[in-house]
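Colleague: okay, predicted coordinates and the sequence, questions at the end:
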Amino acid sequence: MVETAAPWQGEYPATARAVMRASAQGSLATAQRDGDGWPYPSLVLVALDLDATPLLLISGLADHTRNMSADPRCGLLFDGTAGLEDPLTGPRVSVLGRAERVRDERLTARFLARHPAAGMYAGFGDFGLWRLLPERAHLVAGFGRIRWFPGTDLLLPPSTCEALAAREADVVGHMNEDHADAVRLYATALLGRPEGPWVMTGIDPEGCDLRLGSATARLPFDKPVATAEEARVELVRLVKRARDPGPAPTP
C-alpha cells in the first residue's frame, strides 16, 4: 500500500509555516467595533506555538484587542519579503481565524522567549495573551504558487508536538547553558549571520529560533522531530555540519 502524505505535510502548508516561523511581527486586521465593522490594520509582535498557532501579547486598552473582544474574527499577515528588490515576488501568508484569550504559562513563556523586551509589560494588568485559531490560510509564494487551504492543514497535529512541548524548556536551556558555541555556529556558519552571543529562544518539530539582540533567525531542520531525543540528534547533526561543511563545490 502506498502511503499518502497528510495535508499538513504538503508543500504549501509547509512553506506557509516556514514564512510564519521566520516572522517576529505581523499585520493584524480586526473589525472596528465602533465603525460599522471597517477593517482596522495594526502592527503586532507575533510568536508561534509548536504547532504554528499564532500568539499575541497585547493590551486590553488597544483598539485591536477591544475589536477582537467584540468580534473574534481577524486576519494576520506574515510578510517574508524583506530585502527583496521586488517584494511582490516574495512569500507572504494571510491567516484568517478567530482570536481567543488564553491563560497558559507555557505559551506566555514561549512568547517572552521570542520577544524578551515584552517582559517589561507582560505583568501589567491590562496585558494578556491571545492566540489565533486558523480557519483558512492564503499563501503567495511566487509566480503560480498561490493557494488557499484550511487551517487544519496549516497546523501540525498535536501528536507531533506534545512530547517536545513538554521538554522544550529543558532543551533550550541546555543548549544555551552548555552548548552556546553550537548555537553561535548555527547562526553564523549555517545561516550566515553576524558573529555574536546568539541564543536559542525556542524549538519545534520543524526547527529552532535564534536571537541576537533585536535580530532573529530561523534554523530549519532537514526532517521533523517529535521528541527531545530526536531534537538532540538533529541538533548534533547540524553542529557537525557547521563545523565541517565539506569540500567546496567544483566550479
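Modeller: Yep, that arrived.
Colleague: show me where the chain has its strands.
Modeller: For the chain, the strands defined by DSSP state E cover 25-31, 39-45, 47-48, 54-59, 73-79, 92-102, 127-140, 146-150, 199-204, 207-212, 215-220.
Colleague: now the shortest one: mean pLDDT?
Modeller: Right, strand 47-48. The average pLDDT within strand 47-48 is 98.
Colleague: list of residues touching it?
Modeller: Strand 47-48 is contacted from outside by 20, 21, 54, 55, 57, 110, 111, 113, 114, 115, 202, 204, using Cβ atoms under 8 Å, 6 or more residues apart in numbering. For glycine as for every other residue, the C-beta is placed from the backbone atoms N, C-alpha and C.
Colleague: ok, now with 10 Å
Modeller: The contact list for strand 47-48 (Cβ atoms under 10 Å, 6 or more residues apart in numbering) reads 17, 20-21, 23-24, 53-57, 78, 107-108, 110-115, 118, 129, 131-132, 155, 201-202, 204, 209.
Colleague: outline the domain layout of the chain.
Modeller: Following automatic domain parsing, one gets these domains for the chain: 7-156, 162-243.
Colleague: contacting residues around residue 41?
Modeller: Neighbouring residues of residue 41 by Cβ under 10 Å, 6+ apart: 27, 28, 29, 30, 64, 75, 77.
Colleague: and it, how far from residue 32?
Modeller: Residue 41 is 10 Å from residue 32, where distance means Cβ to Cβ, to the nearest Å.
Colleague: circling back to that earlier point, need the winner for burial among the strands of the chain.
Modeller: Ranked by mean neighbour count under mean count of other Cβ atoms under 10 Å, the strands of the chain are led by strand 47-48, which reaches a mean of 24.
Colleague: please identify every residue contacting each of residue 41 and residue 32.
Modeller: Common neighbours of residue 41 and residue 32 (criterion: Cβ under 10 Å, 6+ apart): residue 64.
Colleague: what is the burial count for residue 11?
Modeller: Residues contacting residue 11 under the criterion other Cβ atoms under 10 Å number 12.
Colleague: surely it and residue 153 touch.
Modeller: No - if you go by Cβ atoms under 10 Å, residue 11 and residue 153 don't touch, sitting 11.2 Å apart.
Colleague: what's the overlap in contacts for these two?
Modeller: Residues within reach of residue 11 and of residue 153 at once, by Cβ under 10 Å, 6+ apart, are residue 147.
Colleague: from the contacts of residue 41, which is closest to residue 224?
Modeller: Proximity of the contacts of residue 41 to residue 224 (Cβ to Cβ) peaks at residue 77, which lies at 25.7 Å.
Colleague: quick check: bridge partners of that closest one?
Modeller: Counting by DSSP bridges, residue 77 is bridged to residue 27, residue 94.
Colleague: that one and residue 161, how far apart?
Modeller: Applying Cβ to Cβ, the value for residue 77 to residue 161 is 24 Å.
Colleague: list the contacts for the closest residue to residue 124 other than its chain neighbours?
Modeller: Once flanking residues are discounted, residue 124 sits nearest to residue 59: 7.5 Å by Cβ to Cβ, 6 or more residues apart in numbering. Counting by Cβ under 10 Å, 6+ apart, residue 59 makes contact with 65, 66, 121, 124, 125, 126, 127, 128.
Colleague: for residue 99, see how far away the last one is.
Modeller: Here residue 128 is placed at a distance of 11 Å from residue 99 (Cβ to Cβ).
Colleague: what do those two both touch?
Modeller: With Cβ under 10 Å, 6+ apart, residue 128 and residue 99 have common neighbours 56, 58, 65.
Colleague: so which of the residues you listed is the closest to residue 225?
Modeller: Closest approach to residue 225 among the shared contacts of residue 128 and residue 99 (Cβ to Cβ): residue 56, at 26.3 Å.
Colleague: roughly how far does the spatially closest residue to residue 158 that is not a sequence neighbour sit from residue 151?
Modeller: Excluding the flanking residues, the one nearest residue 158 by Cβ to Cβ, 6+ apart is residue 51, at 6.9 Å. Per Cβ to Cβ, residue 51 is found 11 Å from residue 151.
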